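# what would the 3D arrangement of this be:
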Amino acid sequence: MLSSFIVPGSYNQRATLREVFTVKAWLMGWAVLMFSAPPVGLADSVDELDVPNGPVILTVSGNIDLTNVGSEAQFDRAMLAALPQYEFDTSTPWTEGRSHYSGPLMRDLLALLSSDSDAVHVSALNGYEAEIPVSDFIEHDVILAIEKNGEAIPIREYGPLWVLYPFDQDEVLLSEKIRFRAVWQVMHINVL
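Numbering: from 1, shown residues only. Model (predicted):
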C-alpha cells in the first residue's frame, strides 16, 4: 500500500513508516481509552443506597435489585431530594392555578433501583391505590413531586409525595384514566 509512493530503502520510506506507526499507536491509545472509560451516566451509578437518617417517607419493594433495608428501598426526604430533580409548572384537576413542582423523575427512580418492570402499584397514606404502567413514565416526564413552589408539600396539600403528571404539557394527560394514576400522599411503591 505504501510501496506505490515510497522508494525502497530511502530515508523517505523510514520517515513515512515511522509516522504511520506513530499515528497507529496514537489511534490505538485513544481506542483503548474510549473503551475503558465508563459511558457517561454509568460512572455515577449507585451500587448501594444509604440507610435513611430521618423519617422514612417512601418504601419501594418488589422487583428491584438495589435495596437498603432487607428487600426494600427506603427513603427519607433528604435522600429523595439528593436525587436529580426535574421540575415543571402545571395546573392540576385538584388545585387552583398553576404551581411549580419538582422531584425525581419516576423513570429515574426505577432505573436507580435497577427495576425491570411493566407496572408499579402505588399506595397512599389515605388508603388509595393505583396501578401505573411504566410506559407512562417513559412517554411523559412524570415526577415523584416532593416540592411545590420551592417548599415541601404538606400532607393536607397532597404531600409529602405525589406521582404528578405534567398535565399542562399534553391534552392526553387530562383524561380520567391518567387522573386516577396521579396518586398523592404516596407512601409505598410496589414494583410489579
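# which residue packs closest to D108, ignoring adjacent ones?
Once flanking residues are discounted, D108 sits nearest to P84: 6.3 Å by Cβ to Cβ, 6 or more residues apart in numbering. For every residue, glycine as well, the C-beta is placed using N, CA and C.
# where does this structure dip in pLDDT?
For the chain, residues meeting the criterion pLDDT under 70 lie at 1-46.
# all strands of it, in order?
Per DSSP state E, the chain carries strands over the ranges 56-62, 73-76, 86-90, 99-103, 119-124, 129-133, 143-145, 147-148, 151-152, 162-164, 186-191.
# centre of the chain to the second one, how far?
Looking back up the chat, that one is strand 73-76. 16 Å (Cα atoms, centre = their mean, to the nearest Å).
# also the first one?
Centre-to-centre, strand 56-62 and its host chain are 17 Å apart (Cα atoms, centre = their mean).
# contacts for that strand, please.
Strand 56-62 is contacted by residues 71-77, 80, 109, 113, 115, 117, 120-121, 144, 160-161, 186-192 when judged by Cβ atoms under 8 Å, 6 or more residues apart in numbering.
# sorry, back to before: with mean neighbour count as added columns, please give the strands of the chain in JSON lines.
Below are these laid out as JSON lines (neighbours: other Cβ atoms under 10 Å):
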{"stretch": "strand 56-62", "mean neighbour count": "19"}
{"stretch": "strand 73-76", "mean neighbour count": "22"}
{"stretch": "strand 86-90", "mean neighbour count": "16"}
{"stretch": "strand 99-103", "mean neighbour count": "19"}
{"stretch": "strand 119-124", "mean neighbour count": "19"}
{"stretch": "strand 129-133", "mean neighbour count": "15"}
{"stretch": "strand 143-145", "mean neighbour count": "26"}
{"stretch": "strand 147-148", "mean neighbour count": "20"}
{"stretch": "strand 151-152", "mean neighbour count": "12"}
{"stretch": "strand 162-164", "mean neighbour count": "25"}
{"stretch": "strand 186-191", "mean neighbour count": "20"}
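# thinking again about what came up before, tell me how many other residues crowd the residue nearest to D108.
10 (other Cβ atoms under 10 Å).
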